[in-house]
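Enquirer: turn this into a model:
(2 chains)
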Amino acid sequence: MKLPGIGLAISRKRAEAFGGIVELRWPRALLHVDREMMRRLGEPESPLWIGADDSREAQLDGSLDAPLDAGTIAQPLSAPTEVHVVLSRRCSAGCTGCYVDATPQGAALSLDEARRILTELSQMGVFHVALGGGEAIDLDYLFAVAAHASSVGIIPNLTTSGLGLTPEMAERCRAFGQINVSIDGIGDGYQRARGFDGYRHAERALRLLRAVKKEVGVNCVVSRSSFDGLGDVARLVRELKLNELELLRFKPVGRGAHALGEELTLAQSQAIYPLAQKLMLRHRIRVKLDCSFAPMVFWHKPSAAAAAFFGVQGCVAGDVLAAVSPEGQLMGCSFAGKPEADARVPGEMRAHWRDGFKEFREFASRAPAPCSSCDYLHLCRGGCRAVSNAHGDFHAPDPGCPTVIAHRIAHRGIVSDQHEVRAPSRRSLPVVPS
Amino acid sequence: MSLLPRGRVLRATFGCNPNSSSLGVDVTFLLFGATFASALALALGALLRDRGAAPAGVAPAGESSGEDGSVDGKQTP
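Expert: The predicted structure follows:
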């Protein structure tokens, strides 16, 4: 089949055991394809292609074609597709829930260290990096880091509070792929969530950035107290013509570790996925939920086939995702896990990728109840390890998962005013006036 | 014999993720369900196969290749 007039622009590709990953420049996408497609695209036979094309080794683990059986350990990718590079723990905003516990004198990677790390990530085949911190735009070498990432074929993306962003800096932000500004509430809602009055600065930054590029969005941390303000944030995204709203689950890590009371209630956890759909339809904006929300999504039993195809997954640390800390440690995730390698030492990241990260990768094969009997285990992967770890057991099922809460009520008799488990609604979405 | 064409798209994720946590759920796409996913897989597969008919860069075994033929596919986005 040929569709004349429509072309896909390929930037890069890399081999994987199942075939490979193709990066499209337009539309901006990563496609996982089988071996035959890689051959058609000119890729020579890869040493990663063990066994016949229809063998178990050639399946994409976790996809609907190849759900993981109990006891099976997922075959990790040959390298992460995206890496969160935490450039610094340096920021003067002092947000109450900062997950990296940033301070004005916090640690930071040097420019040379950041460059060397990006070069090695490129050699490993990493496609995207998310640059953050701390407040990355406070670093005078941020744009040099972004330029280096681009020069080695990696798309640099950025999260910022927007504080201190000038028109000149906004112009230079063309160097980034996607830029999201952190806004956890509108007006007073921002101050309640972050502990200081920075909303006007953040909105100004959004306007400055949107004036120079389209790929600008909002990151919104969803906590118990910010939940009711999500509609206002979505409205802002629509009004400023931003390209996405990313909803990030509050994780009790860093300074947020002392705010367990900010975790979502059960009712909020059950409502977040329908609410995201509603916001998408009402405001006609793109809405994303981060990986830690996977249990709350799969509780509604969406199509597993669609979820597998669109890469809807829970904890992908040490597989799709990795992180580099300001101290130079390679980790599975920015929020949890032990350091696996010193990323500043040439070759260490590549050397430790293949056999490391077992605490993340082996969860599905050793999952305790109720995850072990959940139809979505191969996709959800037990929810967020960082949240489990914050509650005292890295290897336990995500304590915020509605299914886990129902299981605990049934088996341990744990009841509280937050533990009213309702069946997911099977009704159609309500019609919402625009 | 499978009716599916050889050379398939198995998974597709769109856009770039600027966040500390990985992109988990793109509500926009998940809402459309399995039928849309299947149709999109077929369409992308067809477009990629069509793209593959053109000469592509060749890299040594085990290394990625860019469309410009450069090893590691180094390219400014």
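Enquirer: for residue A:103, give me its contacts.
Expert: Contact analysis of residue A:103 by C-beta atoms under 8 Å, 6 or more residues apart in numbering or on different chains lists A:89-91, A:94. C-beta coordinates here come from the backbone N, C-alpha and C atoms, glycine included.
Enquirer: need the helix or strand of chain B with the lowest average pLDDT.
Expert: Each helix and strand of chain B was given a mean pLDDT (mean pLDDT, DSSP states H and E); the minimum falls on strand B:65-66 at a mean of 40.
Enquirer: tell me the mean pLDDT for the longest helix that chain B contains?
Expert: Across chain B, the longest stretch assigned as helix under DSSP state H is helix B:33-52. For helix B:33-52, mean pLDDT rounds to 90.
Enquirer: list the helices and strands it packs on?
Expert: strand A:29-34, helix A:35-40, helix A:304-309, strand B:9-14 (3 or more C-beta pairs under 8 Å, 6 or more residues apart in numbering or on different chains; DSSP states H and E).
Enquirer: does the third one reach chain B?
Expert: Yes - residues of helix A:304-309 contacting chain B under C-beta under 8 Å from any C-beta of the partner chain: A:305-309.
Enquirer: which other residues reach the next helix or strand after that helix?
Expert: Later in the chain than helix A:304-309, the nearest helix or strand by DSSP states H and E is strand A:321-324. By C-beta under 8 Å, 6+ apart, the residues outside strand A:321-324 that reach it are A:80-86, A:109, A:117, A:291, A:317, A:330-334, A:343, A:353, B:20-22.
Enquirer: in the longest helix of chain B, what counts as buried?
Expert: Using 16 or more other C-beta atoms under 10 Å in any protein chain shown as the test for burial, helix B:33-52 gives B:34, B:36-37, B:40-41, B:44-52.
Enquirer: and if you look at stretch A:201-212?
Expert: In stretch A:201-212, counting by 16+ other C-beta under 10 Å, buried: A:201-206, A:208-210.
Enquirer: what does stretch A:252-272 give?
Expert: For stretch A:252-272, by 16+ other C-beta under 10 Å, it's A:252-256, A:262-266, A:268-272.
Enquirer: kindly report the same for stretch A:86-95.
Expert: Within stretch A:86-95, judged by 16+ other C-beta under 10 Å, the buried ones are A:86-91, A:93, A:95.
Enquirer: same for chain B: which of those residues are within range?
Expert: residue A:86.
Enquirer: that older thread, tell me the one of the buried residues of stretch A:201-212 nearest residue A:61?
Expert: Nearest to residue A:61, judged by C-beta to C-beta, of the buried residues of stretch A:201-212 is residue A:209 at 37.5 Å.
Enquirer: so the closest one is in which element?
Expert: Element membership for residue A:209 (DSSP H and E) is helix A:199-210.
Enquirer: and the angle from the following helix or strand past that helix to helix A:199-210?
Expert: Remark: after helix A:199-210, the chain's next helix or strand is strand A:216-222, criterion DSSP H and E. If you take axes from the mean of the first three to the mean of the last three C-alpha atoms, to 10 degrees, strand A:216-222 sits at 150 degrees to helix A:199-210.
Enquirer: neighbouring strands - and their directions - for strand A:216-222?
Expert: Its sheet considered, strand A:216-222 pairs with strand A:179-182 (parallel), strand A:244-249 (parallel) by DSSP bridges.
Enquirer: can you pull the pLDDT of the nearest residue to residue A:336 once chain neighbours are set aside?
Expert: Nearest non-adjacent residue to residue A:336, counting by C-beta to C-beta, 6 or more residues apart in numbering or on different chains: residue A:386, 3.8 Å away. For residue A:386, the pLDDT comes out at 96.
Enquirer: doesn't residue A:331 make contact with residue A:386?
Expert: No - counting by C-beta atoms under 8 Å, residue A:331 is not a contact partner of residue A:386; they are 10.8 Å apart.
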